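J.: Need a 3D model of the following:
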Amino acid sequence: MLIAVKSCEAHWNRCAAIRDTWGTPEVHFFTGHELGVHDSYDALPHKTRAICKWAIEHGHPWAFLCDTDTYVHVPRLLALPLTDYMGYHLEGKDYASGGAGYILSHKAMKIVAGADPDGFANEDEFVGKTLVGKVRLCHEPRFSLYEDVLPTNHVISRHLSSRHAYQVEFMYAAHRRANDSGN
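T.: Purely as a prediction, here's the structure:
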């Protein structure tokens, strides 16, 4: 599975923190410049569509998309039984949280890659609205907005800026908590 981290040129310190903590060979950092789209936050829907196109062109049957402020327990992620569209289904919305990350199948990526992201402010909303009626969103509560990844639970990912503005130190602290054996 491709683990696609949506990034930008200004966030290399965040990417370095991911490499230092949970980053594995499956992780690929995508900037707008690499994808041929604008590198701003407002361009995330375009970046997401371009990541889906890239994943298809490079033969990836599955992709997990997340942000640079997401902590991921990769072994738990890779052990999941997969569905076409899986993530933390936001209450009252037609989509999964991009901050906690979500999984797309090849089928779902093809749909997103062929859609027009213009008019969407949020990439997760773009993905969800594009997929409504085409593939079902499977709610996966282990992609978490608020609960930490710990050795004593089954949480797969955590959006580290759900409560506070993100700081790189959050990634290192999350990694320490995820690997704390209680000693």
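J.: Tell me which residue is most central in the chain.
T.: Taking CA atoms, centre = their mean, the centroid of the chain lies closest to residue 66, which sits 1.5 Å from it.
J.: does that residue really touch residue 158, like I thought?
T.: No. Using CB atoms under 8 Å, residue 66 is not in contact with residue 158; the gap is 10.2 Å. Where you see a C-beta, it was placed from the backbone N, CA and C, and this is true even at glycine.
J.: quick one: least confident helix or strand in this structure?
T.: Every helix and strand in the chain was compared by mean pLDDT, DSSP states H and E; the lowest is helix 32-35, with a mean of 95.
J.: Which neighbouring elements make contact with that one?
T.: In terms of contact count using 3 or more CB pairs under 8 Å, 6 or more residues apart in numbering; DSSP states H and E, helix 32-35 is assigned the packing partners helix 44-57.
J.: And the residue nearest to the centre of the chain, which helix or strand is it part of?
T.: If you go by DSSP states H and E, residue 66 is part of strand 62-67.
J.: before we move on, the earlier item: what's the closest non-adjacent residue to the residue nearest to the centre of the chain?
T.: Distances taken as CB to CB, 6 or more residues apart in numbering put residue 101 closest to residue 66, at 3.4 Å, once the chain neighbours are dropped.
J.: any idea how far residue 19 is from residue 117?
T.: As judged by CB to CB, to the nearest Å, residue 117 and residue 19 stand 28 Å apart.
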